[in-house]
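J.: Here is the input, now give the coordinates:
(chains A and B)
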Number of protein chains: 2
Amino acid sequence: MNQLAQLQTYYQAYAKQHTFNNEPKGLYEPVDYILSIGGKQLRPLMLLMTCKLFSDDLKKALPAAYAIEIFHNFTLVHDDIMDAAPLRRGKTTVHHKWNTNTGILSGDVMLVYAYEYLRKVESSLLSDVLSIFNTVAIGVCEGQQYDVDFETMKTVTIPQYIKMIELKTSVLVAGAMQIGALIGGANKEDAHHLGEFGRNIGIAFQLQDDLLDTYGDPEKFGKKVGGDIIQNKKTFLVLKSLELADEKTANILNKLLSTQPEDEAQKIKDVTAIFDSFDIRTHANIKKEAYRDLAYEHLKAVQLPESAKQSLYDFAQFLVQRDV
Amino acid sequence: MNQLAQLQTYYQAYAKQHTFNNEPKGLYEPVDYILSIGGKQLRPLMLLMTCKLFSDDLKKALPAAYAIEIFHNFTLVHDDIMDAAPLRRGKTTVHHKWNTNTGILSGDVMLVYAYEYLRKVESSLLSDVLSIFNTVAIGVCEGQQYDVDFETMKTVTIPQYIKMIELKTSVLVAGAMQIGALIGGANKEDAHHLGEFGRNIGIAFQLQDDLLDTYGDPEKFGKKVGGDIIQNKKTFLVLKSLELADEKTANILNKLLSTQPEDEAQKIKDVTAIFDSFDIRTHANIKKEAYRDLAYEHLKAVQLPESAKQSLYDFAQFLVQRDV
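T.: Next comes the predicted model:
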């Protein structure tokens, strides 16, 4: 992971030079705040990694990498308002630290700045890059809407759920990798395969997120462990349990996930016990690895020597096994 | 205004063909709703008018015109949340008809679609058009933040206020006209002057809005007359009154505009009486006409026969005298 650490240092130096130390403070301080409280910065790194497959000139990819990270953080700020989430990366969310209106407006200006950084790509690529990015951004909004819709739907199927997380999470990973490849000089076919690699690894990544939300180490995870259970989210763990459960157990699980009891710890314990009874971790891991393998197939199709792609294979494996 | 009516018909036919009749409904129905409840569609018409100065091929300007209108409506949806406004154009606002989360998310996807329509400009213009648009969009967010900041500031000067309305309103009018001119084939200097024409006419337009908010005909105005007074907004009418008032009257006005009484009608009456005592309508009209004249100077500088510009002179005059 030495290459990754190098890329991160390189990216962070750029981000540090492009903070939002502007007026009016009420608009821009929250932007610097959300960008500064860490996060894994995976998406810009993915963009740089795919660029690096085709070119050693990474400088030209930095603005787009930053655009992707700004966009991702914009979605976090607005999603946290919609989810009424108090914590993000173990820190107070923007709308809790300031207020909802600030969260809305600072989020909006971040979305615009994402486009402003994206605009800095070579002009011959601009239309294609914008098109990919717009498709991503529209997908992310649609995914968030499906996520909201699922809350009040009685039945959600696993394919519907996968589609939702694909839109909400994976299309951005896919877009980052496709754009990075294009900036590096890849032909459209290779860029497409790297996008599909990102899409599938993104789904695996999100399934790992579902696992971590229940089974993660609270010290490392940053978010509240059991948060999905408290919020009655229909995650893969829930949907697969419902698929495997007899009517009685399904009813118990559905009932648990329709309440908001005072004793949150007990609810988390009860729901987790049902997950465990179906060995749901194994099921989630099998699903996750299936998407990782699909991702590998697309990576294999990229017209480069396998040795050049090793860092991406490693990175994918890291993503689906991560504990943070 | 025959040309204007023609342009409007032409624009509306395009907009009608590009509604948001997509899935998920929860995301896109509010978009169609806000775009369908009328509005004056001034900004896309301005874009088409400046394009028409240089080219008879207006078709190529339609996507950008629509982008400007979508963007404008995105700002309305988010601003209405921030202002907790129940009505827009005499109809229920999006976040009242649905909810705040819907307003946030549907607004977000509108901003993305604005970029998607903007992307359809000729590729040789794309980078310049995007740059203008980003500057506009950032300005609009900053203007909204200043507007929020002013609520809690003890003193706001008239220049600060003008700067705020310039950002919140005029930069979009300026951008629409500049982009329209570029699409029509104008050189950068002419496009710049048309942008400045728009910027100044936009300020005059907003001053007229301040006037209408207090002195408009409630049947025509669409918004609640006296809304600014109820919300204790520091409009030009307030700031100019404070400038002209003796200490005693200033204290009365400040006190009136720091309360939220049950009897809103009485508050509107009391504040309006103070405005009237300074003949504030005349002052606002003088200021408004000064900006209109500045706008005319920029229009004069455009390297086209004066006769070709007549429709823009007429339109500007219409905007600053409008009663709706």
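J.: Show me which helix runs longest in chain A.
T.: Taking DSSP state H as the criterion, chain A has its longest helix at helix A:123-152.
J.: Just after that helix, pick out the following helix or strand.
T.: helix A:158-165 (DSSP states H and E).
J.: so what does that following helix touch, helix or strand wise?
T.: Packing partners of helix A:158-165 (3 or more CB pairs under 8 Å, 6 or more residues apart in numbering or on different chains; DSSP states H and E): helix A:123-152, helix A:188-215, helix A:236-244. Bear in mind the C-beta positions are built from the backbone N, C-alpha and C, glycine included.
J.: re the thing from before, need the mean per-residue confidence for the longest helix of chain A.
T.: Mean per-residue pLDDT for helix A:123-152: 96.
J.: Would you map the strands across chain A?
T.: Along chain A, counting by DSSP state E, strands occupy A:87-88, A:91-92.
J.: where in the stretch 151-300 of chain A is pLDDT low?
T.: Scanning the stretch 151-300 of chain A for pLDDT under 70 picks out A:221-223.
J.: Out of the strands of chain A, the one nearest chain B is which?
T.: Nearest of these to chain B, taken as CB to the nearest CB: strand A:87-88 at 16.3 Å.
J.: Name the strands paired with the closest one and say parallel or antiparallel.
T.: strand A:91-92 (antiparallel) (DSSP bridges).
J.: per-residue confidence for the nearest residue to A:Lys224 once chain neighbours are set aside?
T.: Among residues not flanking A:Lys224 along the chain, A:Leu87 sits closest, at 6.1 Å (CB to CB, 6 or more residues apart in numbering or on different chains). With respect to pLDDT, A:Leu87 scores 88.
J.: State the number of residues packed around the residue in the stretch 201-324 of chain A that chain B sits nearest to.
T.: Across the stretch 201-324 of chain A, no residue is closer to chain B than A:Gln231, which sits at 13.7 Å (CB to the nearest CB). Neighbour count of A:Gln231, defined by other CB atoms under 10 Å in any protein chain shown: 17.
J.: which parts of the longest helix of chain A are buried?
T.: A:125-130, A:132-150 (16 or more other CB atoms under 10 Å in any protein chain shown).
J.: ok, back up a step: mean neighbour count and distance to A:Asp217 added to the strands of chain A, as TSV?
T.: Converted to TSV, these look like this (neighbours: other CB atoms under 10 Å in any protein chain shown; distance: least, CB to CB, whole Å):
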stretch	mean neighbour count	distance to A:Asp217
strand A:87-88	18	16
strand A:91-92	16	18
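J.: helices or strands up against the longest helix of chain A?
T.: Using 3+ CB pairs under 8 Å, 6+ apart, helix A:123-152 sits against helix A:62-82, helix A:100-118, helix A:158-165, helix A:171-184, helix B:25-36, helix B:100-118, helix B:123-152.
J.: Could you measure from the residue nearest to A:Lys224 over to A:Tyr215?
T.: 18 Å (CB to CB, to the nearest Å).
J.: and what of A:Phe236?
T.: Distance from A:Phe236 to A:Tyr215, by CB to CB: 12 Å.
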